[in-house]
Every structure is written in C-alpha cells, then in structure tokens.
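Participant: requesting a structural model of the entry that follows:
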Amino acid sequence: MRIAVFSDIHANRQAFEASFAQAAAARPDRIVILGDIVGYGGDPDWAVERVAGLAAQGAVVVKGNHDAAIATPSTAMNDAASAALDWTRQQLSPAQAGFLSTLPMSAIIEDLEFVHASPASPASWPYITQNRDAERALAATKSRVTLCGHVHRPTLYHARSGGRVEHFVPISGVAVPLLAQRRWIGVLGSVGQPRDGVPAAAYALLDTSANTLTILRAPYDVAGAQAAIRAAGLPESLAARLARGA
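Facilitator: The predicted structure follows:
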C-alpha cells in the first residue's frame, strides 16, 4: 500500500495544490493529513473545504494545534500566529469550523500511527526536535512506525528494541528503508510553511509493501501564496518567511 502523507498545510493553497498533484502522479492508495490545515496562510476556507472533501472520500485526517485553536484559542501562540487565527475564524463557515473541531487526535492503521505532534500527550502538542523527545514518543505508542508533523523540518528517528534513539535528516527523493528490527518516528516537515531552509513544500510517500519512506519536495507558486497573505492583511513576516523556507 502506498500512502501519501501531508502535514502542516497552513492554508497555503498553492503549496498544497502543487504537492498533491505531484503525489497523485505516484497513484497512492491512501491519503493521510497530519493536521494544521489552517493558520498562517491566506486561504483557510479553501484548505478546509479541500481537506473535508478528501476526508469524505476516505482520507485519514487528524487534528493539529492550529485547527484546535479555531474553537479554543491558545495562549501559547505568538502574535503573528494569533493574528492569523483571529482572521481565520472569521473566514470559516460553521460547518468548516465544525469539521476541524471533530477531527481525532491520532489514527492507527495496522502498525502505523499518525499524529500531528507526538503520541506522547498529543493534546499538549509537544515538539519532537531531539532524541529524548523521540524516546518519549516511542514509549507512548506500540506502533512500529509513527508519522507526525508540527516541527516543519523533516527528521527521521529510529531505535532498535532496547537501544538508544538515533536520528538523521533524510535526503529529498531518496527512499529510506524502514528496517523491520527498528521502530521509527518520522517528522515529515511542512507543506505550507517549511522551516528547514528549503521553500519547496514537503510531504512524504510511505510504501508499506517496500517498507520505505520517502520525503519529497514540491516547488510551488510562493509569490501567489505571499499575495494571499498580504491581501488578507496578515503580518508581513508570514509572507516573507515563505521565500526563505524559514
């Protein structure tokens, strides 16, 4: 089974359209979206409607912290994020906001777990940015492979049974063998707001038959996404950072 996995779309229509079209060429069997459909970007109503349509067709969708903040504003957001969410609430219909509020925190398919932040207290939105974070995540799940977003920078963590956690940054386009004797935490990066110095949208293809995970990048119309942010009157920093991938 081939699964296309997207995370942190952040209302970036241009990035999601480009990455989804690229992934569709691989003819995936399943679609998974790891949350943060909204926030930061200028097309939240389009993004929610598009993802809700995919969910109606069988896509697995879990909740991100920005999605949750539509119903329950968070005091943990910075000023730019809070401004974007305040504006986003005004753009969404009750049905669209309701769709976000009813999303599950995680989903499990066979020996795979999908979650926005971490299986370790997912509703607290912890970041997996170092080995000890991955250790806590592995201790909190029985799944052999867990895929998550939230950090906006692709990194793969792995450990043998009883062994220490190690990590590496995957090379875009290179399939990583998910060796069966190890357990894995895959942090996939962001579709709509990459922060690893590469502006192109990040997503992943998981092949359960070949037992591989490939992080892929899709170039997109950054200027168009920036224009949508500026047209909405959102903070300029949200537009400027897209060109830097930072």
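
Participant: how deep is Lys142 tucked in, by neighbour count?
Facilitator: Around Lys142 there are 11 other residues, counting by other CB atoms under 10 Å. All C-beta atoms are positioned from the backbone trio N, CA, C, and that covers glycine.

Participant: give me the phi and psi for it.
Facilitator: Torsion angles at Lys142 (phi, psi; degrees, to the nearest 10) stand at phi -100, psi -10.

Participant: start at 11, not 1
Facilitator: Sure, I'll start counting at 11 from here, so that last one is Lys152.

Participant: separation between it and Glu123?
Facilitator: 8 Å (CB to CB, to the nearest Å).

Participant: who touches Ala21 in this structure?
Facilitator: Ile47, Val48, Gly49, Tyr50, Gly51, Gly52, Asp53, Pro54, Trp56, Ala57, Thr98, Gly202 (CB atoms under 8 Å, 6 or more residues apart in numbering).

Participant: closest one to Gly74 out of these, please.
Facilitator: Ranked by distance to Gly74 (CB to CB), the contacts of Ala21 are led by Ile47 at 6.9 Å.

Participant: quick one: contacts for the closest one?
Facilitator: Shown in contact with Ile47 (CB under 8 Å, 6+ apart): Ile19, His20, Ala21, Pro54, Ala57, Val58, Val61, Val71, Gly74, His76, Asp77, Leu110.

Participant: report pLDDT for it.
Facilitator: We have a pLDDT of 98 for Ile47.

Participant: the one 10 residues further on too?
Facilitator: According to the per-residue confidence, Ala57 scores 98 in pLDDT.

Participant: wait, it touches Ile19, no?
Facilitator: Yes. Contact criterion CB atoms under 8 Å: Ala57 and Ile19 qualify, at 5.5 Å.

Participant: got any residues that touch both of those two?
Facilitator: Contact criterion CB under 8 Å, 6+ apart; residues bridging Ala57 and Ile19 by contacting each: Phe26, Ile47, Gly51.

Participant: any idea which of those residues is closest to Ala127?
Facilitator: The closest of the shared contacts of Ala57 and Ile19 to Ala127 turns out to be Ile47 (CB to CB; 14.6 Å).

Participant: adding secondary structure and distance to Ala91, write the shared contacts of Ala57 and Ile19 out as JSON lines.
Facilitator: Shown next, in JSON lines, are those (DSSP: H, G, I helix; E, B strand; the rest coil; distance: CB to CB, whole Å):
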{"residue": "Phe26", "secondary structure": "helix", "distance to Ala91": "19"}
{"residue": "Ile47", "secondary structure": "coil", "distance to Ala91": "14"}
{"residue": "Gly51", "secondary structure": "coil", "distance to Ala91": "11"}
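
Participant: of all these, which comes closest to Ala185?
Facilitator: Phe26 (22.9 Å).

Participant: got a list of what the closest one touches?
Facilitator: Phe16, Ile19, Ala57, Arg60, Val201, Gly202, Ala211.

Participant: next one: phi and psi at the residue of the chain most remote from its centre?
Facilitator: Centroid-distance maximum for the chain: Gly172 at 28.7 Å, with CA atoms, centre = their mean. When read as degrees, to the nearest 10, the backbone of Gly172 gives phi 80, psi 0.

Participant: look up how far Ser131 lies from it.
Facilitator: 23 Å.

Participant: hey, where'd the helices end up in this protein?
Facilitator: With DSSP state H, the ranges of helices along the chain come out as 23-34, 54-66, 75-81, 89-101, 104-111, 141-149, 232-241, 246-254.

Participant: what's the closest non-adjacent residue to the residue nearest the centre of the chain?
Facilitator: In the chain, the residue lying closest to the centroid (CA atoms, centre = their mean) is Ser17, at 1.5 Å. When the adjacent residues along the chain are set aside, Ser17 lies closest to Gly159, with 2.8 Å between them (CB to CB, 6 or more residues apart in numbering).
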